[in-house]
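Engineer: Here is a sequence together with a model predicted from it:
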Amino acid sequence: MSEHPDQTLARRSFLALGSGAALAATSGLALAPEATATPGQTPQTPKAPPAATHAAGQPGFGPNVHVFDSATGTADIQATLDAVYAQQRGSQFGTGRYALLFKPGAYSVDVKLGYYTQVAGLGLQPSGASITGSLGVEGDAHGNGTLVNFWRGAENLNAVPKSGADTWAVSQATYYRRIYLLGDLKLSDGGYSSGGFIADCQITGQVNSGTQQQWLTRNSVLGSWVGSNWNFVFVGTPGAPATTFPTPPYTSVPDTPVICEKPFLYVDSDGAYQVFVPAVRTDTRATSWEARRPEGTSLPIGEFHLAKPGETAAELNAALAQGKHLLLTPGIYHVDQPLKVTRANTVVLGLGYATLIPDNGVTALDVDDVDGVRVAGLLVDAGPVASDPLVRFGPDGSRRSHARNPSSMHDVFVRVGGAGVGKAKRCVLVNSNDVLIDNMWLWRADHGTGVGWTANTSDEGLVVNGSGVLAYGLFVEHHQKAQVQWNGEGGRTYFFQNEMPYDPPDQASWMDGTHRGFPAYAVGDHVRTHEAWGLGSYCIFAEDRTIVSDRAIAAPRRPGVRFHSMITFSLGGGQGTIAHVVNDTGGPSDAVTGLAMLKSYP
């Protein structure tokens with residue numbers, strides 16, 4: 001259904017209404033009251049930011065990539081930062097896309113990030129570009145806490161907050177990567193919050209999670225951590241709390257088994273632009289860069305096709321076929337044929353939340369069953385004709401091993417509806433073996449435009465058929481069947497966050513065979529080995545509170561299939577029921593017992 005702009009937060013507000021008391025009780029922080037829109041009020045349209053210009057001989061990144069040099073006047077830099085933020089602060093479903101890039105040097109500025117905005121340093125090390133002032137995200141841009149503070153990211157910077165602490169008040173589809181923070185980090189400002197993701201960071205002070213419901217921190221170093229609510233997972237992170245789930249709900253895994261960090265743009269000592277592709281590492285903890293030179297490969301910018309909005313899929317595919325990597329500058333790209341990646345070790349890197357929209361039901365991005373493909377920094381927005389899938393790694397029946405050189409997805413986000421009618425059958429399909437998933441939010445929109453049970457349709461968020469696939473930070477919400485269907489052997493998930501669909505009209509419309517409702521996380525009956533840590537699934541059935549999901553996790557009961565640290569929650573004061581956490585074990589979460597926790601299974 002289409003919603004009036006002043007009502008676009010109404011459905012997401014269910015989460016706030018359901019979780020406020022629980023968060024207040026466990027966080028020790030006061031929760032900000034929800035603001036209400038003034039009827040008939042028309043917000044002022046901020047002045048558009050100035051178009052970026054690029055000097056002769058520099059890459060043509062286009063008008064929405066601002067590259068700052070420390071020789072530029074501080075007032076000029078601050079004015080550009082403020083103009084971008086003023087436009088993007090409340091633009092939840094807008095079309096603006098921006099990248100704010102800082103060349104190596106020292107800057108005394110305040111950086112606030114709104115929607116579809118990426119800020120990044122251009123040094124090979126985070127210490128290369130230093131920001132003294134503030135770097136962060138504020139809550140209550142819409143009067144709804146930070147529950148809808150999506151689609152923004154910071155990476156590869158040295159942050160030195162003048163106040164001693166930065167605030168990163170975000171929820172899903174955000175990232176905080178390769179940040180060397182000299183100070184404290186607050187993950188909320190008192191309003192409701194539902195994040196989030198930190199990776200490859202060193203934070204010298206204290207991280208305070210405040211009202212955050214859940215969080216994943218991977219391969220970072222922390223001074224300390226305080227705060228907990230429902231589901232907090234740490235992987236390969238010295239300074240993190242030890243496992244104490246369920247009280248408090250911390251789950252700490254000492255080492256990260258296999259990872260490659262996200263590719264990033266940088267400027268070398270000669271002033272030339274390159275993209276650094278970090279190496280695959282095994283059994284790691286802490287960052288990839290502290291007290292060492294990062295391991296990996298540098299690719300000159302000349303080996304990339306710098307895509308601009310308005311280019312056709314045929315043009316982008318021609319560049320890929322010529323052996324080019326792909327760098328998508330900020331903007332929205334309609335594709336009427338799949339972007340085909342056929343060459344091993346290809347990099348597809350988006351800046352400023354570059355967005356792919358498939359036309360006529362095509363797949364937006366289709367990767368062959370080859371080694372070492374890196375896809376990073378993309379938002380895929382479903383079109384009005386259903387795609388199946390929106391993103392695919394490997395054709396059906398892929399069998400090759402990629403254990404020595406796995407492909408990966410970093411900060412790849414999918415949206416079905418919200419900005420308009422969108423439809424998909426499956427959002428992301430992984431047929432290739434050994435793929436690494438590193439921070440992914442697959443969202444069937446629960447608010448915005450084009451939203452409703454028969455409007456923005458999507459069966460499944462993620463389907464994994466490949467073996468040896470690992471996921472770090474898997475957020476999947478509101479799809480109409482299983483949120484995640486995992487059929488491959490040897491899969492591992494480190495942190496899973498889910499909300500079941502808000503809007504099934506009645507129980508008969510939402511049945512998985514003889515089971516009431518669909519599971520959030522389903523492992524195929526034939527699977528012999530699978531393991532997952534830190535899984536949270538929440539329900540609120542807004543149309544019919546008598547609806548039941550028989551289980552949040554469905555999996556074969558055998559020794560090789562194991563789960564650790566699981567929770568379910570019935571939001572809205574028990575508006576709906578999850579009968580069991582796994583199969584017929586744990587629970588319920590209902591109007592009597594909202595929160596259920598299960599330490600392990602079987």
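Structural biologist: The structure has been received and is ready for your questions.

Engineer: If you rank every helix and strand of this structure by mean pLDDT, what lands last?
Structural biologist: One helix or strand of the chain scores below all others by mean pLDDT, DSSP states H and E: helix 13-27, with a mean of 43.

Engineer: After that one, which helix or strand is next?
Structural biologist: Next along the chain after helix 13-27, taking DSSP states H and E as the criterion, comes strand 65-68.

Engineer: helices or strands up against that next one?
Structural biologist: Under the contact criterion of 3 or more Cβ pairs under 8 Å, 6 or more residues apart in numbering; DSSP states H and E, strand 65-68 touches helix 74-88, strand 98-102. C-beta: built from backbone N, CA, C; applies to glycine.

Engineer: Low-confidence bits of the protein, can you list those?
Structural biologist: 1-45, 140-144 (pLDDT under 70).

Engineer: show me the contacts for the spatially most central residue of it.
Structural biologist: Geometric centre of the chain, nearest residue: A173, 3.1 Å, by Cα atoms, centre = their mean. Listed by Cβ atoms under 8 Å, 6 or more residues apart in numbering, the contact set of A173 reads 150-151, 379, 413, 441, 443, 475.

Engineer: can we see that at 7 Å?
Structural biologist: Contacts for A173 (Cβ atoms under 7 Å, 6 or more residues apart in numbering) come out as 150-151, 413, 441.

Engineer: Pick out whichever of the residues you listed sits closest to P49.
Structural biologist: Among the contacts of A173, W151 lies closest to P49 (Cβ to Cβ), at 17.1 Å.

Engineer: That closest one contacts Q118, doesn't it?
Structural biologist: No - the pair W151 / Q118 is not scored as a contact, 9.5 Å apart, by Cβ atoms under 7 Å.

Engineer: shared neighbours of these two, anything?
Structural biologist: With Cβ under 7 Å, 6+ apart, W151 and Q118 have common neighbours Y353.

Engineer: hmm, back to that, filter the contacts of A173 to the buried ones?
Structural biologist: 150-151, 413, 441 (16 or more other Cβ atoms under 10 Å).

Engineer: tell me which of the residues you listed is nearest to D283?
Structural biologist: When those are compared against D283 (criterion: Cβ to Cβ), the nearest one is W441, at 27.3 Å.

Engineer: Now do the phi/psi pair for the closest one.
Structural biologist: phi -120, psi 120 (degrees, to the nearest 10).

Engineer: so what's it up against?
Structural biologist: By Cβ under 7 Å, 6+ apart, the neighbours of W441 are 172-173, 413, 475.

Engineer: Kindly point out the strands partnered with the helix or strand hosting Y494 and how each is oriented relative to it.
Structural biologist: Per DSSP H and E: Y494 is located in strand 491-499. Taking DSSP bridges as the criterion, strand 491-499 sits next to strand 470-477 (parallel), strand 530-539 (parallel) in its sheet.

Engineer: which residues touch the helix or strand just after that strand?
Structural biologist: Of the helices and strands lying after strand 491-499 in sequence (DSSP H and E), the nearest is strand 511-512. Strand 511-512 is contacted from outside by F518, using Cβ under 7 Å, 6+ apart.

Engineer: same thing but at 8 Å, please
Structural biologist: By Cβ under 8 Å, 6+ apart, strand 511-512 touches 481-482, 517-519, 550.

Engineer: Dump those residues to TSV, plus secondary structure.
Structural biologist: Converted to TSV, these look like this (DSSP: H, G, I helix; E, B strand; the rest coil):
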residue	secondary structure
K481	coil
A482	coil
G517	strand
F518	coil
P519	coil
D550	coil
